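Visitor: got a predicted structure here, sequence first:
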Amino acid sequence: MGAGAAAGSRWRSRACSAAPAGSSCPTRSSPTSPSSTSTAASRTPPGTTPRRCSAGTGRFLQCRGPFAQRRHPLVDAIVVTEIQRCLEEGTEFQGDLLNFRKDGSPFMTSLQLKPIYGDDETITHYMGIQFFNDCNVDLGPLPGSMAKEVVRSIWITPDNTLRPSPTGKGNFCSEYSHLFQLSDEVLCQKILSRLSPRDIASVNSVCKRLYHMTKNDHLWRMVCQNAWGNDATRALENVAGTKSLAWGRLARELTTLEAVTWKKLTIGGSVEPSRCNFSACAVGNRVVLFGGEGVNAQPMNDTFVLDLSASKPEWRHVNVGLAPPGRWGHTLSCLNGSLLVLFGGCGGQGLLNDVFILDLDAKHPTWREIFGLTPPVPRSWHSSCTLDGSKLVVSGGCADSGVLLSDTHLLDVTMERPVWREIPAPWTPPSRLGHSLSVYDGRKILMFGGLAKSGPLRLRSGDVFTMDLSDAVPSWRCITGSGMPGACNPAGVGPPPRLDHVAVSLPGGRIMIFGGSVAGLHSASQLYLLDPTEEKPTWRILNVPGRPPRFAWGHSTCVMEGSKAIVLGGQTGEEWTLTEIHELSLASSLV
């Protein structure tokens, strides 16, 4: 029997053992003289389905060589799917499909299937006719060489062993879809890595092959990097330090927030003299504290560092050169790496609008003043954030004589001659102080809360505004607002109006709000979550286990790259206790 006849016999034996009705398949004596045989329905095992028949047919047609585990990329999966559909619906099929002999050489199969009906109008047989014609096709590398390439690939199972792509029962989808013709490496790098963490969690339930692929931490890191950005993934690695991150677990915990918990820590050292209204910022695993208001409203200008990665964390005073003038009500933000940027506040001579930069990792840390042209008016209790690791954004605050501000300014501190640029917006939110400014989704900023001007009054606010700084003409958009033009209130219970609160930017664009000055009996420790990227943003309440702090203020809380928030001290009268801190941990895999 020739190779074509042997192939035809193999196809027939599979069809006979799996078809729900009789099936026929010829052996090839010549291209123009096919022969056919028929199998009766009585020879078909009970409980079989057309899908199993099609799977058997497609299994033979897709394989190149006796040990092939996957359909050759040149086999038309649409034709195989059409065979399945015709068998399920009991209709005729006619088409051409690439086939292979035992030695792996190709030939083209012209196949025609026709259902045969019995007296009761049910299908009892399928008549099938095949023509085998030689063809010249560039098949690429042989299966053996392809296997060697796969072995060299990083896409291996968690136990570091190569696992062939599963086929057959439970994985019939791989028999029909073009997607499953791709190698594991191409699937991971070009397709799966572009999905969201939630989508990857759904994909792993499709079949065994995808299940094993989605257990790979290399894939999960690419998914996180694509969903959260390069800066966020690098920052999470910096927070982890020398620990190896389990990216799959981290993605799940930061997406579902299932591991969020409060912890209370006792630390050593001290911050003397005692103070309030200071500003804190996180640099990797370190907390930096600058300035504040001392006894008799004395502005402070000293710098302290708390290294939380140490076995016994303690406050340490940093001897810096050329310290800025003392101040309180200022902002302290982190730029790339170990750079800190300080802006504004209230000093001994009144309000300030100066800018200083400190490299915390320098051999001799020194505050360096940045003289930007056309600076904004001096202010305190404003809000600020950083973009692209080089740009400082300042919004609102309180000017001379208690006037509230509504302007927004941007400064690129890496320029040789920095120039302040006011962002002209067609409409601005009401003037305010004590609000928060958060970055999400690349270059978008979100403003929440504060003490806002409302006619002749100043009231706590629970409004949300967003702006996309990548737009040619950036403009404020009101997400929620009390009486704002075009405003709407999202579903869910939103946080009560507040100022000097904490805003945590999570990987993926969500914003978490808690703490601050809240009127009435509302708990300041209740956590609220908002995703401004949703079509209809919805406030959600998070019930977090552990012991939360009694007070949490925006100026004395710092966020460590979307993985945890550190709340410094607790207020007792006029004194601050900085030997106790509360940590809001978002992921157990970073603990």
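Guide: Nice, thanks for sending it over. Bear in mind the structure is a predicted one, so any value in this text is a computation, not a measurement.

Visitor: so which elements touch the host helix or strand of Ala232?
Guide: Ala232 belongs to helix 230-240 when assigned by DSSP states H and E. Identification of packing neighbours for helix 230-240 by 3 or more C-beta pairs under 8 Å, 6 or more residues apart in numbering; DSSP states H and E yields helix 217-228. (Each C-beta comes from the backbone N, C-alpha and C, glycine too.)

Visitor: need the next SSE after the helix holding Ala232, C-terminal direction.
Guide: helix 247-256.

Visitor: and that following helix, average pLDDT?
Guide: Averaging pLDDT along helix 247-256 gives 91.

Visitor: could you list the buried residues of it?
Guide: Trp247, Gly248, Leu250, Ala251, Arg252, Glu253, Leu254, Thr255 (16 or more other C-beta atoms under 10 Å).

Visitor: quick one, that helix and helix 230-240 angle?
Guide: 110 degrees (axes from the mean of the first three to the mean of the last three C-alpha atoms, to 10 degrees).

Visitor: what lies in contact with helix 247-256?
Guide: Residues from elsewhere that reach helix 247-256, judged by C-beta atoms under 8 Å, 6 or more residues apart in numbering: 197-198, 200-201, 214-215, 217, 220-221, 223-224, 236, 258-259, 506-508, 562-563, 586-590.

Visitor: distance from the chain centre to that helix, please.
Guide: 9 Å (C-alpha atoms, centre = their mean, to the nearest Å).

Visitor: and what of stretch 181-188?
Guide: 21 Å.

Visitor: name the residues of that stretch that are buried.
Guide: Gln181, Ser183, Asp184, Leu187, Cys188.

Visitor: what helices or strands is the helix or strand hosting Phe304 leaning on?
Guide: For Phe304, the host element (DSSP H and E) is strand 299-307. For strand 299-307, the packing partners by 3+ C-beta pairs under 8 Å, 6+ apart come out as strand 286-293, strand 315-318, strand 339-347.

Visitor: mean neighbour count and distance to Ser454 added to those, as JSON lines?
Guide: Shown next, in JSON lines, are these (neighbours: other C-beta atoms under 10 Å; distance: least, C-beta to C-beta, whole Å):
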{"stretch": "strand 286-293", "mean neighbour count": "24", "distance to Ser454": "28"}
{"stretch": "strand 315-318", "mean neighbour count": "16", "distance to Ser454": "40"}
{"stretch": "strand 339-347", "mean neighbour count": "24", "distance to Ser454": "24"}
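
Visitor: quick one: closest of those strands to Lys453.
Guide: Judged by C-beta to C-beta, the one of these that comes nearest to Lys453 is strand 339-347, at 19.4 Å.

Visitor: grab the most central residue of the chain for me.
Guide: Ala227 (3.3 Å; C-alpha atoms, centre = their mean).

Visitor: now stretch 87-98: buried residues?
Guide: Leu87, Phe93, Gly95, Leu97, Leu98.

Visitor: in three-state terms, label the last one for me.
Guide: Of the three states, Leu98 takes strand under DSSP: H, G, I helix; E, B strand; the rest coil.

Visitor: ok, for it, nearest residue in space, not its chain neighbours?
Guide: In space, and not counting its chain neighbours, Leu98 is closest to Val75: 5.0 Å by C-beta to C-beta, 6 or more residues apart in numbering.

Visitor: pretty sure that neighbour sits against Gly95.
Guide: No - with contact defined as C-beta atoms under 8 Å, Val75 does not reach Gly95; the gap is 12.0 Å.

Visitor: ok so, going back, make a markdown table from the helices and strands packed on strand 299-307 and add mean pLDDT and distance to Thr428 to it.
Guide: Compiled in a markdown table, those are given as follows (pLDDT from 0 to 100; distance: least, C-beta to C-beta, whole Å):
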| stretch | mean pLDDT | distance to Thr428 |
| --- | --- | --- |
| strand 286-293 | 95 | 29 |
| strand 315-318 | 95 | 38 |
| strand 339-347 | 96 | 19 |
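
Visitor: nearest to Val355, of the ones you listed?
Guide: Nearest to Val355, of the helices and strands packed on strand 299-307 and by C-beta to C-beta, is strand 339-347 at 5.4 Å.

Visitor: which strands and helices lie in contact with the closest one?
Guide: Contact here means 3+ C-beta pairs under 8 Å, 6+ apart; on that basis strand 339-347 packs against strand 279-283, strand 286-293, strand 299-307, strand 331-334, strand 350-359, strand 391-398.

Visitor: residues in contact with the second one?
Guide: Among residues not part of strand 286-293, those counted as contacts by C-beta under 8 Å, 6+ apart are 271, 275-282, 299-309, 315, 324, 326-330, 332, 340, 342, 345, 360, 558, 566, 568, 578.

Visitor: dump it to CSV, keeping only the CA atoms.
Guide: Output of strand 286-293 as CSV, limited to C-alpha atoms (Å, rounded to 0.1, in the frame of the first residue of the first chain):
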residue,chain,number,x,y,z
ARG,A,286,12.9,54.9,52.3
VAL,A,287,10.7,57.5,53.8
VAL,A,288,12.0,61.1,53.7
LEU,A,289,10.7,63.8,56.0
PHE,A,290,11.4,67.5,55.5
GLY,A,291,10.6,70.7,57.4
GLY,A,292,7.4,71.3,59.3
GLU,A,293,6.0,73.6,61.9
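
Visitor: how far off strand 279-283 does that strand point, in degrees?
Guide: Angle between the axes of strand 286-293 and strand 279-283 is 170 degrees (criterion: the same axes, to 10 degrees).

Visitor: before we move on, back to that, now do the SS call for the residue nearest to Leu98.
Guide: coil.

Visitor: Pro495 touches Arg460, doesn't it?
Guide: No - the pair Pro495 / Arg460 is not scored as a contact, 10.6 Å apart, by C-beta under 8 Å.

Visitor: mutual contacts of these two, please.
Guide: By C-beta under 8 Å, 6+ apart, Pro495 and Arg460 have these common neighbours: Gly449.

Visitor: mind checking which of those two has more residues around it?
Guide: Pro495 (24 against 20; other C-beta atoms under 10 Å).

Visitor: so who does the more buried one touch?
Guide: Residues in contact with Pro495 (C-beta under 8 Å, 6+ apart) are Gly449, Gly462, His501, Ile513, Phe514, Gln526, Tyr528, Trp539.

Visitor: on that earlier part again, for the helix holding Ala232, give me every contacting residue.
Guide: Outside helix 230-240, the residues touching it (C-beta under 8 Å, 6+ apart) are 221, 224-225, 245, 250, 284-285, 389, 507, 560-564, 590.

Visitor: please point out which parts of it sit buried.
Guide: Ala232, Thr233, Ala235, Leu236, Val239, Ala240.

Visitor: re earlier: can you check which of the helices and strands packed on strand 339-347 gets nearest to Phe132?
Guide: strand 391-398 (67.4 Å).

Visitor: right, and the helix or strand after that closest one?
Guide: Later in the chain than strand 391-398, the nearest helix or strand by DSSP H and E is strand 404-412.

Visitor: low-confidence ranges, the stretch 51-200 of the chain, go.
Guide: 51-71, 73, 77-78, 139-177 (pLDDT under 70).

Visitor: export the buried residues of stretch 87-98 to JSON lines and tack on distance to Thr266?
Guide: Shown next, in JSON lines, are the buried residues of stretch 87-98 (distance: C-beta to C-beta, whole Å):
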{"residue": "Leu87", "distance to Thr266": "71"}
{"residue": "Phe93", "distance to Thr266": "75"}
{"residue": "Gly95", "distance to Thr266": "74"}
{"residue": "Leu97", "distance to Thr266": "72"}
{"residue": "Leu98", "distance to Thr266": "71"}
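
Visitor: which among those gets closest to Cys398?
Guide: Proximity of the buried residues of stretch 87-98 to Cys398 (C-beta to C-beta) peaks at Leu98, which lies at 74.8 Å.

Visitor: the closest one contacts His72, doesn't it?
Guide: Yes - using C-beta under 8 Å, Leu98 is in contact with His72, at 6.9 Å.

Visitor: for the helix holding Ala232, the distance to its chain's centre please.
Guide: Remark: helix 230-240 is offset 13 Å from the chain centroid, using C-alpha atoms, centre = their mean.

Visitor: so that helix versus helix 217-228, what angle?
Guide: 120 degrees.
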